[in-house]
Every structure is written in C-alpha cells, then in structure tokens.
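Peer 1: Provide a 3D model corresponding to the input given below.
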Amino acid sequence: MITLRDITGAPDLEVRAVAGRSGLDRPIRWAHVTELHDPVHWLRGGELVLTAGIGLGDTAADQRAYVRRLHDAGCVGLGVALDDPRDTVPPAVVAEGDSLGLPVLSVEGETPFIAVVEAVAAHHAAERGRAQSRVLSAQDAMARAALRSGPTGVVTTLAASTGGRSLLLDRTGVTSAASPAAEQPWHRLVRTTVAGAARHPRGMAVLDHEGATVLLQTLGPAGRTLGWLALSCDFEVTPHTRMLANHAASLLAVDLLHSRDTRRALHRQRAPHLAAAVAGRAAPPLTLPDPPWEVVCLPCEDPRALVDEAADALSDVLGATDAAERAGLCALADAVVAVLPAGGGPHAGGRLLRALAQAPNGPRGAGACGARAVADLPSALSRARQAASEGYSHCDESDAWGLLRSAVPPEGARAFTDSVLGPLREHDNRHGTDLAHVLLHYLDHGAQVEAAARDLGVHRNTLRSRLRTAERVLGRSLDAPRTRLELWTALSLTPMPCQGRSWHT
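Peer 2: So this is what the prediction gives:
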C-alpha cells in the first residue's frame, strides 16, 4: 500500500504537502493526470489527481468547487504543478483542502507528473509481486502440510496463510477438521447451506455471516460430493485469497478421492474371499473386525454398483476407525453382503441401510444375523436373507419383533408412521434437517444423550438442542415412555434415509 505520505517523502520527488495533512496516510489506488474542469466522470475513487491548474478555474469559488468535486468523488488527494518556483498553489484550493481534509500536494522543481505516476505504478507492481510470492509460498506450505499431516494440516495452513478461519466437512456435513478447532457460530451457516441434496452448491459459493465473507467450496468430481471446505474472512476477499482456497480445495479433493478409491479397491480385492466364505467354500484367511460380527444382507437390483456406495458409507456408519477399514463387503447376484462389528451399541446394519437409502437403486430393506466364527457365516447369511424385508430386521434379537412386523400390513404400517412422524417429516422436508435421524440414534442408545452424541459426532448440547426442537415440532415430551415407544416403533418400521440431510440444523 502506497500513501500520499510516501509520495511526499520520496527522495527523488519534489512533492510537498500544503493542505489536508490529516489525510496523508490514505492509500493511493492510482495517480491520474487531467486538465478537465470536471474530471469526476472519468474517476473511480482512490486516485491522486495531478493537474497543472488549467481546469481549476479562475475564481476562488470555482477552485473551491473543483476541490469539493474531487473530495465527493472519493479521490485521496490533489497534486498541483507549479511552472514557476515563485508561484504557489491557489489559496482557495489550500483552504478548501484543509476544510475537507483532502491533501493538496505541490509538485515542484523538475518533477514531472510521469515520475509520480511511475512511483505509484512501481509500488503496486512490487506489491503484486510480493502477494504472488506469498501465494506461492502458502501453496508450497499447504502441499507440505498435506504430505505431513493430511487434511488437518491443509485446513490449518489455509487459515494461517489467509488470516481467516477454515472448516472441512465430510459428505454428511460432520466436521472433519477446523482451524481454530472449536465450534464457531459461522459453522452453522455452512451446515445449513449444504443441507439437502437439492441445495448442495457446486463449485464455490459466497456467503455472508455477520459481515464476514464465507467462501464455500464443494469437494469432489462433478456429480459426486465428497465434502466441503469453507473459509471465513473478516476482510475483503482478494483474488489471491480465492486462489489459496481453490488450491486447498484441490489438495483436499485429491486426498478424498484417493482415500475413496483406495478403500473401494481394498474391498474389491477382499470381496472374492468373503463371497467364498459366505457360500461355504474354502477361502483364504479373511480380513475382518474382531468378532462377534453382524452379517447384513441388503437385497438390491445392482449389487456391483451398490457395493461401492457401501464402501463409501462405512466410515460414516462405523466412524473413522480400524473397524471401518476391516469390515467385509461383497456383491452377490441379488444382494450386497456386509460383515460389520457387532459389539458396543446399536446395530450398524440399520445405519448402513439408512446411509444407502438414497443411493441409485438403493435397498429398501436389510436383514441381519450374528456370527462369531467364519464357519458361522453361511448360516448367518441365510438367516439374514430370510429376515430381509422393508426396513431393517435382526433375526437374533427380534423374532418377536419380526412376528409383529409381519402381522402389520404395509398400508397399516405407513398409516401408523405417518400419524406419529408426520409433523417431524414435514419439518425436515421444509428446513432440510433430519430430526428423525437424530431421534432414532437417541432412542437406539436408550435415551442416553452422551452416548447418542458420541455416535452422531456432535457435542451433547447440540444434541439436546435438536431434541428440544423435535419435542416442539411433535408437541410431545420425550420424557414420556409412551412417546418414546411410539417414536421408536415408527422409526424402526421403515428405513429412514438421511443422506443429503443435515441433522446439525
């Protein structure tokens, strides 16, 4: 940034401030020479106007009016050339400059206007060069951070390089990394924006949050969202800031694509061995989570396509854990089979079904059965296949539940779920939320807020807020056992698609 004070202090320029000295620290956008009586139409603001005085006017009133026009147009200063060292800047110009706080400079001696213009231009060129160097250095730093510490390093370096705040969301809208790490109010705006598949932005969107500019970038190839990167700035966003945000988005998208493709390839490599094992044929040692297992059968029209979707969903279903990497997946002729960890909480098979509900030709139901050894897999798959119907059914613990489900005709089940969940579904559709998904997790965890919050990956106070909203929408208290029973029954009768929704807002 070059200021009028820099111009008056330049040793190779004979330029002296004669009025409006309080404004000498204003930045000069450009220096412009004109002899027009009214040059305002050709100015954009931020200029140092240079004149030999031809357009100033002959009377004091004309000269004052000239200075006022420049001030009102947003000019930062007026430079007047003196042909004769004995001349002075017209007193009316000096007086009006002091009155308005508009600096008036006397360009003296052998200083040509072009020297002043060149000084301003050279400074801006040097500043652009420094900015480009900073961008290149920041891009290099982000690349090194990506190699050293992955997405968290990229997000942290982006915030440090721009002076902003950054946020990385996974494809379900859950925070993967942030700098600073603590939850911030603008995070909610980002999650609200990405909620709902029909409203997912492509490319870069520009949002406003209480005066701050938020750049929101979609990560992933066309037609496939793998996550979002957001950068919040309290300052004017420059092209260089956008360049850094785009560079970070590219690094993160490459990492996400690589992780996805690696995960898919790993499951494809293991799939023939698992397919042999569930068919009762001899198979090499399997890579699976520690037993006990939940064997899930997901009947569908195109198992080969759905198995990739299932591989993508495992980290959402099981969390970023070793179990997600070791879970078994294979495509049979009419179904996808998943072997998931069975301990420590609600059945993962139900969550997998909900995660796949919005996939093209996704499953409408799933059956599951427990297994403790590889030798148990064929019989477990057979029982899981028999249990598969609309929604999720686990044969090991829901024989009575299965009898109840089979006794209720589909139209009766739909009428019941519409009666219980109608207001909630209407609210979710209108606001792009998924309170039904939140409630199911809460009820599956025995109405324990701490456990449900951990499973959802949110703070317990965030979950409590969502539950209060659900109570308000339903007009019922979740403290009532009958309310919880009816809600759990309705939520369990049919799959609850949650992909493309946000239960954060």
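Peer 1: where are the low-confidence patches of the protein?
Peer 2: 84-86, 196-202, 222-223, 320-321, 344-346, 396-408, 410, 455, 457, 493-505 (pLDDT under 70).
Peer 1: domain assignment for it?
Peer 2: Under the assignment automatic domain parsing, the domains of the chain span 4-111, 143-257, 288-399, 410-493.
Peer 1: Those: which one's closest to Leu266?
Peer 2: Taking C-beta to C-beta, domain 288-399 is the member of these nearest to Leu266, at 7.5 Å. Glycine gets a C-beta too; all of them are placed from N, C-alpha and C.
Peer 1: I'd like the next helix or strand past the longest helix anywhere in the chain.
Peer 2: Ranked by residue count, the top helix of the chain under DSSP state H comes out as helix 113-162. Following helix 113-162 in sequence order, the next helix or strand is strand 165-170 (DSSP states H and E).
Peer 1: Relative to the whole chain's centre, how far out is that next one?
Peer 2: Centre-to-centre, strand 165-170 and its host chain are 5 Å apart (C-alpha atoms, centre = their mean, to the nearest Å).
Peer 1: so what does that strand touch, helix or strand wise?
Peer 2: helix 113-162, strand 175-179, helix 185-194, strand 227-233 (3 or more C-beta pairs under 8 Å, 6 or more residues apart in numbering; DSSP states H and E).
Peer 1: quick check, distance from stretch 318-331 to the centre of its chain.
Peer 2: On C-alpha atoms, centre = their mean, the centre of stretch 318-331 falls 25 Å from the chain's centre.
Peer 1: Name the surrounding residues that touch that stretch.
Peer 2: Contact with stretch 318-331 is made by 263, 266-267, 270-272, 274-275, 278, 286-289, 303-304, 306-307, 310-311, 314-315, 317, 336-341, 348, 457, as judged by C-beta atoms under 8 Å, 6 or more residues apart in numbering.
Peer 1: Pull up the distance across that stretch, start to finish.
Peer 2: End-to-end distance of stretch 318-331 (C-alpha to C-alpha, to the nearest Å): 20 Å.
Peer 1: Which positions in that stretch come out as buried?
Peer 2: Within stretch 318-331, the residues scored as buried using 16 or more other C-beta atoms under 10 Å are 318, 323-331.
Peer 1: What of stretch 458-467?
Peer 2: 458, 462-463, 466-467.
Peer 1: now stretch 48-56
Peer 2: Quick answer for stretch 48-56 (16+ other C-beta under 10 Å): 48-53, 56.
Peer 1: follow-up on the earlier one: ok, so of the buried residues of stretch 318-331, who is nearest Pro90?
Peer 2: Nearest member of the buried residues of stretch 318-331 to Pro90, counting by C-beta to C-beta, is Ala324, at 78.8 Å.
Peer 1: about what we covered before: mind picking the two most distant members of the buried residues of stretch 318-331?
Peer 2: Counting by C-beta to C-beta, the most remote pair of the buried residues of stretch 318-331 is Ala323 and Ala331, 20.6 Å apart.
Peer 1: Dihedrals phi and psi, Asp316?
Peer 2: Taking degrees, to the nearest 10, you get phi -70, psi -40 for the backbone angles of Asp316.
Peer 1: Please work out how many residues are found near it.
Peer 2: Counted with other C-beta atoms under 10 Å, residues neighbouring Asp316 total 20.
Peer 1: Please renumber the chain so that the first residue is 601 from this point on.
Peer 2: Yep, numbering from 601; the last one is Asp916 now.
Peer 1: ok, now which ones touch it?
Peer 2: 770-772, 774, 955.
Peer 1: got the residue ranges for the strands in the stretch 951-1100 of the chain?
Peer 2: 965-971, 991-994 (DSSP state E, counting those that start in this stretch).
Peer 1: What is the longest one packed up against?
Peer 2: Using 3+ C-beta pairs under 8 Å, 6+ apart as the contact criterion, the neighbours of strand 965-971 among helices and strands are strand 893-899, helix 948-956, helix 977-987, strand 991-994.
Peer 1: of all these, which lies closest to Glu696?
Peer 2: Per C-beta to C-beta, nearest to Glu696 of the helices and strands packed on strand 965-971: helix 948-956, 70.5 Å.
Peer 1: thinking again about what came up before, just give me the closest of the buried residues of stretch 648-656 to Ala980.
Peer 2: Nearest to Ala980 among the buried residues of stretch 648-656, with distances taken as C-beta to C-beta, is Leu648, at 81.1 Å.
Peer 1: before we move on, what SS does the closest one have?
Peer 2: Recorded secondary structure, Leu648: strand (DSSP: H, G, I helix; E, B strand; the rest coil).
Peer 1: measure it to Leu932 for me?
Peer 2: 76 Å (C-beta to C-beta, to the nearest Å).
Peer 1: May I see the helices and strands packed on strand 965-971 arranged in JSON lines, with distance to Ala631 and mean neighbour count as well?
Peer 2: What follows is the helices and strands packed on strand 965-971, written out as JSON lines (distance: least, C-beta to C-beta, whole Å; neighbours: other C-beta atoms under 10 Å):
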{"stretch": "strand 893-899", "distance to Ala631": "70", "mean neighbour count": "27"}
{"stretch": "helix 948-956", "distance to Ala631": "61", "mean neighbour count": "25"}
{"stretch": "helix 977-987", "distance to Ala631": "78", "mean neighbour count": "21"}
{"stretch": "strand 991-994", "distance to Ala631": "72", "mean neighbour count": "24"}
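Peer 1: Figure out which of the ones you listed is closest to Gln1048.
Peer 2: Once the helices and strands packed on strand 965-971 are compared by C-beta to C-beta, helix 948-956 is nearest, at 16.8 Å.
Peer 1: got the angle for that closest one vs strand 965-971?
Peer 2: Between helix 948-956 and strand 965-971, the angle comes out at 150 degrees (axes from the mean of the first three to the mean of the last three C-alpha atoms, to 10 degrees).
Peer 1: gap between helix 948-956 and the chain center?
Peer 2: The answer for helix 948-956 is 24 Å, by C-alpha atoms, centre = their mean.
Peer 1: tell me what it is packed against?
Peer 2: strand 893-899, helix 903-918, strand 935-941, strand 965-971, strand 991-994, helix 1035-1044.
Peer 1: what's the last one packed up against?
Peer 2: Pointing back at helix 1035-1044 there. Short answer (3+ C-beta pairs under 8 Å, 6+ apart): helix 1035-1044 packs on helix 948-956, helix 1010-1031, helix 1049-1056, helix 1060-1074, helix 1081-1093.
Peer 1: same thing but 7 Å
Peer 2: helix 1010-1031, helix 1049-1056, helix 1060-1074, helix 1081-1093 (3 or more C-beta pairs under 7 Å, 6 or more residues apart in numbering; DSSP states H and E).
Peer 1: Make a markdown table out of those and add distance to Arg734.
Peer 2: Below are the helices and strands packed on helix 1035-1044 laid out as a markdown table (distance: least, C-beta to C-beta, whole Å):
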| stretch | distance to Arg734 |
| --- | --- |
| helix 1010-1031 | 41 |
| helix 1049-1056 | 40 |
| helix 1060-1074 | 37 |
| helix 1081-1093 | 52 |
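Peer 1: Figure out which of these is closest to Leu1040.
Peer 2: helix 1081-1093 (4.5 Å).
Peer 1: can you redo the helices and strands packed on helix 948-956 as TSV with distance to Pro751?
Peer 2: Formatted as TSV, the helices and strands packed on helix 948-956 follow (distance: least, C-beta to C-beta, whole Å):
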stretch	distance to Pro751
strand 893-899	29
helix 903-918	13
strand 935-941	25
strand 965-971	31
strand 991-994	32
helix 1035-1044	25
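Peer 1: Tell me which of those lies nearest to Gly679.
Peer 2: Between the helices and strands packed on helix 948-956, helix 903-918 lies closest to Gly679; by C-beta to C-beta that is 63.4 Å.
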